[in-house]
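**Q** Mind folding the following:
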Amino acid sequence: MSWTKEQLEAYLAGEASAEDVAAIEAALVSDPALEKELMMLDPLAAQLEGAVSHIVEVQAEQAKAWQAALEPPMAKAGYDIRHLAAAAVFGAVISAGVWFASATEPEADWRAEVASYQALYSTETIAAIDMDEEELAAQIDSVGARVGFNNLRQLTDNIEGLFLLRGQILAHEGQALALIVFANPDGMPIALCLIEKDSPSGSKGISLANRAGLASAAFETAEHSWLLIGTQDDALISATAEKVVAQLATL
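**A** Modelled structure (predicted):
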C-alpha cells in the first residue's frame with residue numbers, strides 16, 4: 001500500500017487516524033523502504049543523518065591510519081585499504097542504529113535500540129526543535145494515547161530540571177514506542193521512553209546502566225516499560241529517574 005506525504009507526516013506527529021497508525025506500523029515490520037521514507041520526513045532526519053555521516057568519516061580515517069601502520073609484508077599479503085574502509089563504514093552504520101524500527105533482530109532489547117538512536121542526538125539536534133505550547137501539549141496527549149498512557153502530559157510537564165521539547169512515536173517490532181525529548185539546563189538531550197507491555201505485570205525498580213555511551217535508568221510499572229537516557233551524568237539520570245518513578249506513583 002502506498003502512503004501520501006501528508007499521511008506519513010501525520011503519523012510522525014502523532015496525529016494520524018487509528019486506522020492509518022495500525023496499517024503503517026504493520027507495514028514497517030516488513031517494508032524497509034517505508035521506514036526510510038519516514039526517516040526522510042522526520043524533522044530531525046537531517047541532524048541525525050549528519051551525525052551518521054560524521055561517524056562514517058571518523059571510521060574511514062581510522063581505517064586509513066590502520067593501513068599506514070601495517071608492515072609491508074602484511075600490505076603485500078592483500079590487506080587493501082578499501083577492505084578496511086568498507087568494514088569500518090559497515091560497522092559505523094550498524095553501531096549507529098539508523099534503521100531503528102526494523103526487526104532484523106526480533107529478540108533485541110528495545111532499550112538497546114533506543115540507546116543507539118538517542119546516541120545520535122546532540123545539542124544541535126534539539127536546538128532545531130521549536131513548538132508552541134498548544135501544539136506540544138496536543139502532541140504529547142496524542143503520543144500518550146498511542147501507548148496507552150493518558151497521563152503522559154501531566155507527567156512530562158512536571159519533571160524538575162528538564163525542559164519538554166517534543167514527543168514522537170517510533171515502532172519496535174510493530175509496536176508503538178513513545179520517545180519524549182527533553183533538554184537539561186545545559187541544552188543536552190535527554191529522552192524518556194515507554195512501551196506498553198503485552199500484559200500487565202509487576203513493577204520493577206530503577207536499574208542503571210551505560211547504554212551506547214549514555215547514562216540510562218530502566219524501570220517498569222504494571223503496564224509499561226520505561227527508559228530514561230541521555231548525557232554521561234549517571235547521578236543526574238539516577239536522580240531524575242527517582243523523581244519520575246515517584247511522580248508515576250501519584251498518577
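**Q** isn't Ala222 right up against Gly202?
**A** Yes - in terms of C-beta atoms under 8 Å, Ala222 counts as a neighbour of Gly202; the distance is 7.1 Å. For glycine as for every other residue, the C-beta is placed from the backbone atoms N, C-alpha and C.
**Q** who's more crowded, the two?
**A** A side-by-side neighbour count of Ala222 and Gly202, using other C-beta atoms under 10 Å, places Ala222 first with 10 against 7.
**Q** In contact with that one, which residues are there?
**A** Contacts for Ala222 (C-beta atoms under 8 Å, 6 or more residues apart in numbering) come out as Lys197, Pro200, Ser201, Gly202, Ser203.
**Q** doesn't Leu208 fall inside a strand?
**A** Yes - secondary structure assignment (DSSP: H, G, I helix; E, B strand; the rest coil) places Leu208 inside a strand.
**Q** can you pull the contacts of it?
**A** Leu208 sits next to Ala215, Ser216, Ala217, Asp234, Ile237, Ser238, Ala241 when contact means C-beta under 8 Å, 6+ apart.
**Q** Tell me how far it lies from Ile237.
**A** Applying C-beta to C-beta, to the nearest Å, the value for Leu208 to Ile237 is 7 Å.
**Q** same check, this time on Val147
**A** Separation of Val147 from Ile237 (C-beta to C-beta) stands at 21 Å.
**Q** Looking at these two, which is more packed in?
**A** Taking neighbours as other C-beta under 10 Å, Val147 and Ile237 compare with Ile237 leading, 23 against 19.
**Q** Next, the contact list for the more buried one, please.
**A** Shown here is Ile237, whose contacts under the criterion C-beta under 8 Å, 6+ apart are Ile190, Leu208, Ala215, Ser216, Ala217, Leu228, Ile229, Gly230, Thr231.
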